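J.: Quick one: sequence and predicted model below, then my questions.
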2 protein chains.
Amino acid sequence: MKVSALEEYGLRCMLQLARKNGGPMTLPEISKAEGVSLSYAGKLLMILKKAGLVKAVRGRQGGYALVKPAEEYDLKEIFDALGEPLYNPKHCRKFTGDLVKCAHSKDCTVRDIWKEFSKIIDGVLGNMTLADVASGSYDFGNMTSNIQVGIK
Amino acid sequence: MKVSALEEYGLRCMLQLARKNGGPMTLPEISKAEGVSLSYAGKLLMILKKAGLVKAVRGRQGGYALVKPAEEYDLKEIFDALGEPLYNPKHCRKFTGDLVKCAHSKDCTVRDIWKEFSKIIDGVLGNMTLADVASGSYDFGNMTSNIQVGIK
DNA sequence: TAATTACTTTACTAAAAAGTACAGTATTTT
DNA sequence: AAAATACTGTACTTTTTAGTAAAGTAATTA
């Protein structure tokens, strides 16, 4: 299981803006801050812009800025802009080999696992704001201690 | 966030064996059952074999079989054989751009998120057996309802 | 012991994701 | 208005992951 480069760097760019009071920051500034090329920073910010998460101003004094306070972004909306959730309808249509439906479609007990993970992850992401991450002011507490898998 | 093809199909091959009482099943059988090519099935089973999760017998009457009862495999060991966990030391060394250390290394609040997800996921995987998945006899219950992210 | 079945290994091709290059348009400043 | 700064868009290259091909070795059976 993996976090994609788009997800990782995309979130980091949002963090850069959040830590600069929402911006604006120019592409060269963002690029330098994250150590990625100007082109790649451009690609990332364009994705975020098309998703409506940041706004851009051209010309001198321009740059990218958050469209709302960092407190009002939850991590789920940022991730949704940068990639697909762990489980989605496409997932099952992807691993069918050359069969019309996947081998386990009838009693797919695997799907339930991804669905559950997706739910857990979205739950956590949905409850954290960009501001929380920027300041490190969240506390996972002992949430994992409450998790257990039972037998039916 | 994504599940790789190796992880998905690898687990499915293990499920095929589990549902056949641990095997043995030949490569052509597995290949046909999952709708993947013989070559690809071979690759998958070789990975599982090298990880010690299955054993192989050559020649007629041969095939692949589980090395222990399905009840004794936890999903974590299967996943560990097929890919890397969501968070691992390599992860942080990967997204540094052209910087020596990543931009957020000092106060990396992002890393904590992946670490936490990794912990949750490993917790769930570690508590489910291959037999559970094969029979669908697990119950996630309302584990997600217990999860919450607090503010420090 | 030859034929058959089946695993093994290495090398390759194809597709997707990651990352770059470059020419273009908009805005501001001088 | 020209120069400088900065976003925009398309096309490209590189790397990784996914998936295939084919020749080889081992065991069994007739």
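T.: Great, that's in hand.
J.: drop to CA atoms for contacts and neighbour counts, all remaining ones
T.: Noted.
J.: elements contacting the helix ranked longest in chain A?
T.: Ranked by residue count and defined by DSSP state H, the top helix of chain A is helix A:109-126. Packing contacts for helix A:109-126, counted by 3 or more Cα pairs under 8 Å, 6 or more residues apart in numbering or on different chains; DSSP states H and E, involve helix A:75-82, helix B:130-135.
J.: Next, format those as a markdown table and append distance to DNA strand D, mean neighbour count and mean pLDDT.
T.: Shown next, in a markdown table, are the helices and strands packed on helix A:109-126 (distance: least, Cα to the nearest atom of the strand, whole Å; neighbours: other Cα atoms under 10 Å in any protein chain shown; pLDDT from 0 to 100):
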| stretch | distance to DNA strand D | mean neighbour count | mean pLDDT |
| --- | --- | --- | --- |
| helix A:75-82 | 15 | 19 | 97 |
| helix B:130-135 | 21 | 21 | 95 |
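J.: Rebuild those helices as TSV, extending it with distance to B:Lys101.
T.: TSV is the format used below for the helices and strands packed on helix A:109-126 (distance: least, Cα to Cα, whole Å):
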stretch	distance to B:Lys101
helix A:75-82	23
helix B:130-135	39
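J.: To A:Val110, which of the ones you listed lies closest?
T.: helix B:130-135 (6.8 Å; Cα to Cα).
J.: Run through who's touching that closest one.
T.: Applying Cα atoms under 8 Å, 6 or more residues apart in numbering or on different chains, the set of residues contacting helix B:130-135 from outside is A:109-110, A:151, B:14-15, B:18-19, B:70-75, B:138.
J.: List the pairing partners of the helix or strand that it is followed by within its sheet, with orientation.
T.: Moving toward the C-terminus from helix B:130-135, the next helix or strand (DSSP states H and E) is strand B:138-139. Paired neighbours of strand B:138-139 in the sheet (DSSP bridges): strand A:150-151 (antiparallel).
J.: Give me the buried positions along the longest helix of chain A.
T.: Judged by neighbour count (16 or more other Cα atoms under 10 Å in any protein chain shown), helix A:109-126 contains these buried residues: A:109-114, A:116-126.
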